[in-house]
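Asker: Take this sequence and fold it.
(chains A and B)
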Amino acid sequence: MPAMSIQQKFLWAAVVVLGAISFAIVALTRGEPVNAAWLLTASVCIFFISFRFYGLWIANKVLGVNAARATPAVVHNDGLDYVPTNKYVLYGHHFAAIAGAGPLVGPVLAAQMGYLPGTLWILAGVVFAGAVQDMTVLFLSTRRDGRSLGDIIRAEMGPVAGTIAGLGVLLICVIILAVLALVVVKALQGSPWGTFTVFCTVPIALIMGVYSRFIRPGRIAEMSIIGAVLLLAALVYGKTVADTPALAAYFNLSPTMLAMIIIGYGFVASVLPVWLLLAPRDYLSTFLKVGALVLLGIGVLIARPELQMPAFTKYVDGTGPVWAGGMFPFLFITIACGAVSGWHALISSGTTPKMIENERQIAFIGYGGMLTEAFVAIMAMIGASVIHPGVYFAMNSGAGLIGTTAVQAAQVVSSWGFTVTPDMLNQVAHDVGEISILSRTGGAPTLAVGMATIFSSFLGGRAMMGIWYHFAILFEALFILTTVDAGTRVLRFMIQDLVGNAIPAFKETKSWSNNVIGSAASCVLWGYLLYAGVIDPYGGIWTMWPLFGATNQMLAAIALILCTVVLFKMKRERFAWVTVVPATWLVICTVTAGLEKVFDPDTSIGFLSHAIKFSKAAAANQILAPATSLAQMDRVIFNDYLDAGLAAAAVAIVVLMVIYAFVDIRKARGTPKITTHEIGGPMVAAAGDD
Amino acid sequence: MTKARNAWGWAVKTARLMVGIPDYETYVAHRKANHPDEPIMTYKEFFRERQSARYACEKGRFKGCC
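Answerer: Coordinates of the predicted model:
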């Protein structure tokens, strides 16, 4: 890193001062609404400062990136998988791959404690954990021919640790699919407009698929424009559908029905050839996602809305209605993506490391890409905080808590201290063109109301709110469902690989019957969890989101443990705190959260205590709400044990990885040699600038 | 004018790579320079190959998952 000129020093000093002032306004203002612009300014300043003074420092001093070392893209250049790629182009690719539903939903749910706790965790988490993880894994994979996380763990920590991590990935895949599908179900239930628009994406994708396969092969821009125009038409026509009772009846579906359709869809999509349905939907959702996020950023800057949500609510004590559990550890797993996400470790060891021109670009793409993701999370937090707190809690609390009518909901939510009238709730529903907005848990509808509020304040006014709301729902549902398609395929491959060890014939991925059986098995796995969430009386998200967060953070902990072990093996242990600190924090959070989810005596948190309570009642022939029959009681009990098992598995995986890490670190310290398994070495000068 | 065209070119490349299709010109140039005797895929073949590779288990973007 060259020394800074005097102008640069002044510039950075100005950024620090601006950031400090904005941050003080955000953190210290009480009693009056804070403008979102301050939150945005503070975050951006922190991102720039942390990149320049922490990210680059880690890359240069801790990892020791070497501009003269040829990257896999240079060594294995084949014009296809391994291609030296301009760093801005690659940054776009990497960001599009890591940005998902996580950073949008997590902050919305975390807003139940007020905007400040979640914001502080996003900022601290991304700077010290998330961005460090993404960059370090990217570095490790770049030094190993772009190998995957699982391969690197096997090579550096042994085959057993590799298998344990592999089980962790399988676990997170199942839970991610179930929870994300649940978010879509919650967004579309009883919403003919939204359901119609999202359903339309299937025929639109088929048209795009046929177009790009046979009519104009490979014309991505043309097919995407066709898709976007049709999508817009579906969005506008959706209002007519919702306003015509005869049509609306077809699209006004119950949560159970929606869940069945999504499971069936996931099955069909994962068996069909990719060019027909999966790929065109992927293109459409990627462009829509990036476009909508850019639009949201511009919208927040233009509208500069005030944050209605207080900095802290009384629910920092852990009694909140949106999700179960106290600030520690549950806030830190509720916001996973956006602060730190294990999922990104898979992306950072996927296609990105095969396209890096020069090791010096690792900080920009790995650390910088994650900072952008955190920026998205901050915008989601703003989106959830610009709507009235009373409306927020009415939307995010299960029907079991607030009842099913606006009058009941307004009364209950007002009794919590967030004064709201039935008229306000009805007005919001009317503005966004929905029948009701009560108990629309899962974060997506709340963010959609927030986005509609922001956009309509400068574009179209109240008349456009319905369009903006359903546009936001469409963009979230579309890219979640694309994840479901793709994830079902991935799960199928993993199952085929796993079962194939026992029955070798099952490994053959070209066999149609194997694919059908594998797809069915993977749909059953996540489909069952989804169904359990749908019939959950607390609204599903309340129970399931912490489980998702815990497994996602578990994977992040595994990735950071790997990074730590490798730092020791590289003989860079004096810098190892860079990954030791976030790894320790994540281990503490996931293990505490996992154990509380299993063993907590509070029946609203602990799965076992809840199961015992229901078992006792069932033994006495009593039926507890929300179950309405003894058969349902049995199902609730079974699901409790299942969820407890999943949480316990996550804890066991983390603990085993920690034990392996200690053994490996001891071994590494016992030898004076560098014992890491890098591939290649200083060779010809790599291409590209930094 | 050239600047605007360049920026547009980069934007198109970025958008394409976001959905897993790398630059075709770069591929052709690479094949011509390094494998002059071997056949080069047409754009149509290249597109199909890249599209199926993106969702394949062995080397696609979900490689880490497997």
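
Asker: Can you give me the neighbour number for residue A:407?
Answerer: Other residues lying near residue A:407 total 13 when counted by other CB atoms under 10 Å in any protein chain shown. Where you see a C-beta, it was placed from the backbone N, CA and C, and this is true even at glycine.

Asker: Which neighbouring elements make contact with the one helix or strand residue A:140 maps to?
Answerer: Here residue A:140 sits within helix A:131-142, counting by DSSP states H and E. For helix A:131-142, the packing partners by 3 or more CB pairs under 8 Å, 6 or more residues apart in numbering or on different chains; DSSP states H and E come out as helix A:149-157, helix A:343-348, helix A:362, helix A:368-385, helix A:541-569, helix A:577-599.

Asker: how many degrees apart are the longest one and helix A:577-599 in direction?
Answerer: On the basis of axes from the mean of the first three to the mean of the last three CA atoms, to 10 degrees, helix A:541-569 is oriented at 150 degrees to helix A:577-599.

Asker: pLDDT weak spots in chain B?
Answerer: B:1, B:57-66 (pLDDT under 70).

Asker: could you redo the last one with a cut-off of 50?
Answerer: For chain B, applying pLDDT under 50 flags the ranges B:59-66.

Asker: give the contact list for the residue nearest the centre of it.
Answerer: The centroid of chain B falls nearest to residue B:22 when counting by CA atoms, centre = their mean (2.2 Å). Contacts of residue B:22 were listed using CB atoms under 8 Å, 6 or more residues apart in numbering or on different chains, and they are A:79, A:80, A:83, A:85, A:355, B:16, B:50.

Asker: And the fifth one, how far from residue A:56?
Answerer: Residue A:355 sits 21 Å away from residue A:56, taking CB to CB, to the nearest Å as the criterion.

Asker: Only the C-alpha atoms, please, for the helix or strand hosting residue A:260, written as PDB.
Answerer: When elements are assigned from DSSP H and E, residue A:260 belongs to helix A:255-271. Taking Å, rounded to 0.1, in the frame of the first residue of the first chain, the C-alpha atoms of helix A:255-271 are listed here in PDB:
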ATOM      1  CA  PRO A 255     -51.100 -20.900   2.800                       C
ATOM      2  CA  THR A 256     -51.300 -24.700   2.700                       C
ATOM      3  CA  MET A 257     -52.400 -24.600  -1.000                       C
ATOM      4  CA  LEU A 258     -49.500 -22.200  -1.800                       C
ATOM      5  CA  ALA A 259     -47.000 -24.400  -0.100                       C
ATOM      6  CA  MET A 260     -48.200 -27.500  -2.000                       C
ATOM      7  CA  ILE A 261     -47.900 -25.500  -5.300                       C
ATOM      8  CA  ILE A 262     -44.400 -24.300  -4.500                       C
ATOM      9  CA  ILE A 263     -43.300 -27.800  -3.500                       C
ATOM     10  CA  GLY A 264     -44.700 -29.200  -6.700                       C
ATOM     11  CA  TYR A 265     -43.200 -26.400  -8.700                       C
ATOM     12  CA  GLY A 266     -39.800 -27.000  -7.200                       C
ATOM     13  CA  PHE A 267     -40.000 -30.600  -8.200                       C
ATOM     14  CA  VAL A 268     -41.000 -29.900 -11.800                       C
ATOM     15  CA  ALA A 269     -38.500 -27.100 -12.200                       C
ATOM     16  CA  SER A 270     -35.600 -29.300 -11.000                       C
ATOM     17  CA  VAL A 271     -36.500 -32.200 -13.400                       C
END
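
Asker: quick revisit: the helix holding residue A:140: how far from the chain's middle?
Answerer: 19 Å (CA atoms, centre = their mean, to the nearest Å).

Asker: now do stretch A:148-155
Answerer: 23 Å.

Asker: what is the rounded mean pLDDT of that stretch?
Answerer: Average pLDDT, stretch A:148-155: 91.

Asker: quick one: contacts of it?
Answerer: Looking at stretch A:148-155 with CB under 8 Å, 6+ apart, the contacting residues turn out to be A:137, A:140-141, A:144, A:147, A:161-162, A:165-166, A:169, A:345-346, A:349-350, A:558-559, A:562, A:566, A:677, B:63-64, B:66.

Asker: Which among those residues count as buried?
Answerer: Among those, those classed as buried by neighbour count (16 or more other CB atoms under 10 Å in any protein chain shown) are A:137, A:140-141, A:144, A:147, A:161-162, A:165-166, A:169, A:345-346, A:349-350, A:558-559, A:562, A:566, B:63-64, B:66.

Asker: most residues in a single helix of chain B, which one?
Answerer: Secondary structure of chain B per DSSP state H: the longest helix is helix B:2-18.

Asker: how about it, does it reach chain A?
Answerer: Yes: interface with chain A: helix B:2-18 contributes B:10, B:12, B:13, B:14, B:15, B:16, B:17, B:18 (CB under 8 Å from any CB of the partner chain).

Asker: Can you say which of the helices and strands packed on helix A:131-142 is packed in most?
Answerer: helix A:362 (a mean of 30; mean count of other CB atoms under 10 Å in any protein chain shown).

Asker: for the record, mean pLDDT for that one?
Answerer: In this model, helix A:362 has a mean pLDDT of 97.

Asker: And the contacts of it?
Answerer: A:59, A:63, A:65, A:135, A:138, A:139, A:142, A:356.

Asker: And the residues you listed, which is closest to chain B?
Answerer: Within the contacts of helix A:362, the smallest distance to chain B is 11.8 Å, found for residue A:138 (CB to the nearest CB).

Asker: Hmm, residue A:363 and the closest one touching each other?
Answerer: No: counting by CB atoms under 8 Å, residue A:363 is not a contact partner of residue A:138; they are 9.2 Å apart.

Asker: Residue A:513: neighbouring residues, count only.
Answerer: Neighbour count of residue A:513, defined by other CB under 10 Å: 10.

Asker: where's it relative to residue A:524, distance?
Answerer: For residue A:513, the distance to residue A:524 - CB to CB - is 16 Å.

Asker: and if you look at residue A:444?
Answerer: According to CB to CB, residue A:444 and residue A:524 sit 25 Å apart.

Asker: Next: residue A:252.
Answerer: In terms of CB to CB, residue A:252 sits 27 Å off from residue A:524.

Asker: repeat for residue A:326
Answerer: From residue A:326 across to residue A:524, the span is 34 Å (CB to CB).

Asker: out of these two, which sits in the busier spot?
Answerer: Counting neighbours by other CB under 10 Å for residue A:326 and for residue A:524 shows that residue A:326 has the greater number, 16 against 12.

Asker: What confidence value was assigned to the more buried one?
Answerer: Looking at residue A:326, the pLDDT reads 89.

Asker: My guess is it contacts residue A:315. True?
Answerer: No: taking contacts as CB under 8 Å, residue A:326 lies outside contact range of residue A:315: 9.3 Å.

Asker: related to what we said a few turns ago, can you pick out the most distant pair from the contacts of helix A:362?
Answerer: Maximum pairwise distance in these, criterion CB to CB, is 13.2 Å, between A:63 and A:356.

Asker: more neighbours, these two?
Answerer: Between residue A:63 and residue A:356, residue A:356 has the larger neighbour count (other CB under 10 Å), namely 30 against 26.

Asker: Just list whatever residues bridge to that one.
Answerer: Residue A:356 has these beta-bridge partners by DSSP bridges: residue A:85.

Asker: residue contacts, it?
Answerer: Shown in contact with residue A:356 (CB under 8 Å, 6+ apart): A:71, A:72, A:73, A:84, A:85, A:87, A:90, A:138, A:142, A:362, A:365.

Asker: Give me the contacts around stretch A:158-172.
Answerer: Taking CB under 8 Å, 6+ apart as the rule, stretch A:158-172 contacts A:149-151, A:153-154, A:342-343, A:346, A:491, A:494, A:498, A:551-552, A:554-555, A:558, A:646, A:649-650, A:653, A:656-657, A:660, A:664, B:64-65.

Asker: Determine how far that stretch lies from the middle of the whole chain.
Answerer: That offset, for stretch A:158-172, works out to 21 Å (CA atoms, centre = their mean).

Asker: Can you get me a residue count around residue A:124?
Answerer: Neighbourhood size, residue A:124 [other CB under 10 Å]: 18.
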